[in-house]
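1. how would this look folded up:
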Amino acid sequence: MTLRPAAPDSGIIFRRTKLSQGSADVPALWSNAVITPLCTTIEAYGVRIATIEHLMAALYASGIDNVLIELDADEVPIMDGSSAPFLSLIASAGRVRQALTRKAIRILKEVRVEDPDRWASLSPSDKGLTINLEIDFESRAIGNQVWSGAITEECFRHELAQARTFGFLQEVEMLRRMGFARGGSLENAIVIDDDRILNEGGLRYSDEFVRHKVLDSIGDLYLMGAPVIGHFTGVRTGHALNLRLLDEVLSDSEAWEWVELVTPALVDAPMGASGQVLSRAVAGAA
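-> Numbering: from 1, shown residues only. Presented below is the predicted three-dimensional model:
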């Protein structure tokens, strides 16, 4: 996988290479999302890119609006199961200001989607993106966990980026049979067998499970195509429910609006001379 600079207003594009027809571009947008087990997948022109959420979360936290991501496989590398390696990749590429004011999506009213025992919502906020997320598992290795906070680059780097993906032993085996998570192992995921964590090194945070769910949700939210000014609440939510929420919000013209960012307090980003927040891209290939 290689990150390359992209022109202003081009957005986040995944380019699948080494195809029979050469290559194909898949924009990272909610309208291209497809429901797949336990990960976020996008598809266009018959080409799918899976497991994009950890990279998308790192791009969100780093304030990257425009980037071309070249892949010679149909799945983003799992790395260590967190966003931390992708933050390092972005740092290696560097970041550059672009001569275009950064835009965000401001949530204007609460929109909520529900399943029988879980729900997710976006509601108005004047503090950039804030998140309150709760998980509840029968396994005593996880149990009930809650995380709340405002999503800034500093918060993401120190409180969320290291949180690894997790799953139960039977789920890992199922994903492998279906062709996903081909690199999945104890080196890049927390694996639980009933009430026992199988990883010898244990957890990176005492509540690593809910922190990773927050990380996942940030990656899903960035499929809106811009940073979000709003409050996200999730109770036992997952990728499928998050994507339903994006569809409900963006299909309702009264639920959101485009705004130009004129203060760094809302979304971390470089400032232009006139006070606008500028869009940002990676500065070089990495």
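
2. And the contacts of stretch 209-216?
-> 40, 53-54, 57, 82-83, 131, 133-135, 137, 142, 145-147, 149, 156, 159-161, 163-166, 190, 205, 234, 237-239, 242 (CB atoms under 8 Å, 6 or more residues apart in numbering). Placement of C-beta: from N, CA and C, glycine included.

3. element containing residue 106?
-> Using DSSP states H and E, residue 106 falls within strand 103-107.

4. For that strand, enumerate the helices and strands it packs against.
-> When contacts are defined as 3 or more CB pairs under 8 Å, 6 or more residues apart in numbering; DSSP states H and E, strand 103-107 packs onto strand 228-235, strand 256-260.

5. Next, the angle from it to strand 228-235.
-> 50 degrees (axes from the mean of the first three to the mean of the last three CA atoms, to 10 degrees).

6. Output strand 103-107 as PDB - backbone C-alpha positions only.
-> Coordinates of the C-alpha atoms in strand 103-107 are reproduced here as PDB (Å, rounded to 0.1, in the frame of the first residue of the first chain):
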ATOM      1  CA  LYS A 103     -15.300  22.200   4.500                       C
ATOM      2  CA  ALA A 104     -17.100  20.200   7.100                       C
ATOM      3  CA  ILE A 105     -20.500  18.700   7.600                       C
ATOM      4  CA  ARG A 106     -22.500  20.300  10.400                       C
ATOM      5  CA  ILE A 107     -25.300  18.200  11.900                       C
END
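
7. Distance from the chain centre to that strand, please.
-> 17 Å (CA atoms, centre = their mean, to the nearest Å).

8. thinking again about what came up before, and the contacts of stretch 209-216, which of them are in strands?
-> 40, 131, 133-135, 145-147, 149, 166, 190, 234 (DSSP state E).

9. Between all of those residues, which two are separated the most?
-> Pairwise distances across the ones in strands among the contacts of stretch 209-216 peak at 22.7 Å for 40 and 146 (criterion: CB to CB).

10. just for the protein, where's the confidence low?
-> 172-185, 262-276 (pLDDT under 70).

11. quick one: the helices in it?
-> 53-61, 84-93, 153-155, 169-178, 208-221, 239-250 (DSSP state H).

12. Please check the contacts of stretch 209-216 and keep the buried ones.
-> For these, a neighbour count by 16 or more other CB atoms under 10 Å gives the buried set as 40, 53-54, 57, 82-83, 131, 133-135, 137, 142, 145, 147, 149, 156, 159-161, 163-166, 190, 205, 234, 237-239, 242.

13. ok, back up a step: list the buried ones in the strand holding residue 106?
-> 103-107.

14. Just the angle for it relative to helix 239-250, thanks.
-> Using the same axes, to 10 degrees: strand 103-107 against helix 239-250 is 90 degrees.

15. In its sheet, which strands sit next to strand 103-107, and in what direction?
-> Sheet pairing here is set by DSSP bridges, and for strand 103-107 it gives strand 228-235 (parallel), strand 256-260 (antiparallel).

16. would you put the C-alpha positions of the shortest one in CSV?
-> Put plainly, it is strand 256-260. What follows is strand 256-260, C-alpha atoms only, in CSV (Å, rounded to 0.1, in the frame of the first residue of the first chain):
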residue,chain,number,x,y,z
TRP,A,256,-27.0,18.6,7.8
GLU,A,257,-25.2,21.4,5.9
TRP,A,258,-21.8,22.2,4.4
VAL,A,259,-19.8,24.8,6.3
GLU,A,260,-16.5,26.4,5.7
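
17. For the residue nearest in space to the middle of the chain, give me its contacts.
-> The centroid of the chain falls nearest to residue 219 when counting by CA atoms, centre = their mean (0.9 Å). Going by CB under 8 Å, 6+ apart, residue 219 touches 40, 52-57, 60, 83.

18. any idea which of those is the one closest to residue 22?
-> Taking the contacts of residue 219 together and measuring to residue 22 by CB to CB, the closest member is residue 52, at 21.3 Å.
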